[in-house]
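A.B. asks: how would this look folded up:
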Amino acid sequence: MPREILSVAEMAAADRAAVERGAPTPVLMERAGEAVARAVRARYVHRPVVIWCGPGDNGGDG
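C.D. replies: Residues are numbered from 1 along each chain as shown. This is a model prediction of the structure:
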């Protein structure tokens with residue numbers, strides 16, 4: 001099933017809304033990382049991978 005991709009501003013608003021409703025930021029980052037890992041496992045041959053993360057909040061998701 002296709003999923004909508006959010007813009008940077010839309011994702012920031014979604015993150016803020018989740019935090020305002022009580023979701024801790026570390027939990028959101030963990031869920032994001034797990035979702036990416038599941039998507040990668042579903043699409044590619046199983047083998048070791050390296051995750052490169054830039055500076056800032058994106059590193060937590062990685």
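
A.B. asks: any weak-confidence spans in this protein?
C.D. replies: 1-3, 56-62 (pLDDT under 70).

A.B. asks: max-length helix in it?
C.D. replies: Ranked by residue count and defined by DSSP state H, the top helix of the chain is helix 25-43.

A.B. asks: for residue 48, see how far away residue 14 is.
C.D. replies: Going from residue 14 to residue 48 by C-beta to C-beta, to the nearest Å gives 32 Å. For the C-beta atoms, the positions are set from N, CA and C on the backbone; glycine is no exception.

A.B. asks: among the two, which residue is more densely surrounded?
C.D. replies: Taking neighbours as other C-beta atoms under 10 Å, residue 14 and residue 48 compare with residue 14 leading, 12 against 4.

A.B. asks: so that one is in which element?
C.D. replies: According to DSSP states H and E, residue 14 maps onto helix 8-20.

A.B. asks: now do the buried residues in that helix.
C.D. replies: Neighbour-count burial for helix 8-20, counted by 16 or more other C-beta atoms under 10 Å, picks out residue 15.

A.B. asks: output the contacting helices and strands for it.
C.D. replies: The elements that helix 8-20 packs onto, with contact taken as 3 or more C-beta pairs under 8 Å, 6 or more residues apart in numbering; DSSP states H and E, are helix 25-43.
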